[in-house]
Structures are given as structure tokens and as C-alpha cells.
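Chemist: Got a sequence here, can you model it:
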Amino acid sequence: MADETVNETEAPAEETPAAEAPKAAAEETPAAEAPKAAAEETPATEAAAPAPSEGDDTSEGTSEGTSEGTSEGTSSEEATPEVDVDAIKAMVGKPPKGARYQATGKRKRSVARVILTPGEGTFLINANGKGAGRDLATYFDRESDRAAIMEPMVAVGAAGVYNVFVRVHGGGITGQTGAVRHGISKALAEIDQSVRTQLKGKGFLKVDTRQVERKKAGLKKARKKPQFSKR
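Modeler: Down below sits the predicted model:
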């Protein structure tokens, strides 16, 4: 009996390590799965890594495209030829025989019809059918008006090369000066596109639309009021 008791007592003691073995295996399982989890996470990290590289390629492509576009734009701008003033004057200074350029200029209430023909620089204003008319110095007394009229022709080198015939009416001296100048500029612009570009750059082809402000009822002028009397 004593031996059986001892054996029964010792049996559980021997089974204790066997019972602890599954627990140890269970505790060792996460440790064994840890490398697997790390192995599974490693591809995910590597898969996410190419995204920045693709972004880098995109940024490089954008930078390359921007640099190429800028260089192309700069080269195209540099390729634009500049206006050769001497060449323009040489071309305008040798008009073909029988050439005739005409245009209509306007300023305020004045209208001027201008005709340019090859000649020695004769300037005739309001000539009738018999050829009688007034020259530039007789029609426009002020030197500033004559200088303004001749400015487009001097700019392109046409002074003294073309005869100018003008018929102008309406408005006053200032309006007629502007109308003649505008008409001469438009007639010169028909010679060649380069001449037009030069005249347009100087503002000779732009119509001056400014007008005198009209008088209002109850006022002495457009804005001038009569003196106020308190008594």
C-alpha cells in the first residue's frame, strides 16, 4: 500500500513537465511566427518603396519638360528678327514707278484724304482740279503742327521722296493736323509690313478718339459754373 501511494504521488510529478510542454510550445509559437510576420512585412515595405522612386521619375520628367519648354520658348523668342530701320528706310526711299498709296485719316471732327506718289517731296493741300492749292507752310502756320505732320515720314525715311496730296475738311487747325498725320501714317503703312510695324510701335496708326466735352445747360462751358451770389 505504501508503495502504491508513493507511485501515485510521483506520477503527477512526472506528468507536470508533460503538461508544461504544450504551454512552452504555445509560448514558443509567437516567437516562431515573429520572423514570418517580419518576412511578410518586408515585402510590404519594399512594395511601398517604389512609390517615391516613381515620384522622383515624375519630378525629373516635369523638370526636364519645363527646362526643355523654357529653352524652346527662349530660342523661339531669340529667333524673332529685329526691325532693321536702315533697311526699311532704304526700301521706302526707292518707291517703284507709278506707285500710289492712299488712306484716310481722322481726328476730332476733321477728315483728311491723303495720296502718296513718288516725287520730290511736294506737299499740296486742298488742290482743285486745275492743280491750285496751298503748301504745308502756308496752310499750317505753326511750326509744331508742321513737325507733327512730317514726323511719320521722317521716322521711315520717306521725307523728300514722296509727293503728298491732301484734301482735308472739318474741325480746326489742331484736328486737321492730327487727321493729316494719321492719313500719311496709314498710307505709308501700305508700303510694307515692316514699315507698318515701325509706325505702329511709335503710335502713329492709332486713332486719337479724344473729343472736346460738350457744354451743359446752366453752365458757361463744359464744367465752368457762373459765380454764386449769396444776396
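Chemist: Mark out where each domain of the protein begins and ends.
Modeler: 1-41, 89-201 (automatic domain parsing).
Chemist: Where among those domains is average confidence lowest?
Modeler: Ranked by mean pLDDT, the domains of the chain end with domain 1-41 in last place, scoring a mean of 46.
Chemist: where along this protein do the strands fall?
Modeler: 101-107, 110-118, 123-125, 162-169 (DSSP state E).
Chemist: Using TSV, please lay out those strands together with mean neighbour count and distance to residue 195.
Modeler: Every C-beta, even on glycine, is put in place using the N, C-alpha and C of the backbone. As requested, the strands of the chain are arranged in TSV below (neighbours: other CB atoms under 10 Å; distance: least, CB to CB, whole Å):
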stretch	mean neighbour count	distance to residue 195
strand 101-107	19	10
strand 110-118	20	12
strand 123-125	20	20
strand 162-169	20	12
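Chemist: Relative to residue 199, which of those strands is closest?
Modeler: Closest to residue 199 of the strands of the chain, according to CB to CB: strand 101-107, at 11.5 Å.
Chemist: quick one: the closest one to strand 110-118, angle?
Modeler: If you take axes from the mean of the first three to the mean of the last three CA atoms, to 10 degrees, strand 101-107 sits at 160 degrees to strand 110-118.
Chemist: Run me through the strand neighbours of strand 101-107, direction for each.
Modeler: Sheet pairing for strand 101-107, assigned by DSSP bridges, gives strand 110-118 (antiparallel).
Chemist: Pull the residues that contact the strand it pairs with.
Modeler: With CB atoms under 8 Å, 6 or more residues apart in numbering as the test, strand 110-118 has contacts from 95-106, 158, 161-172, 175-176, 178-180, 182-184, 186-188.
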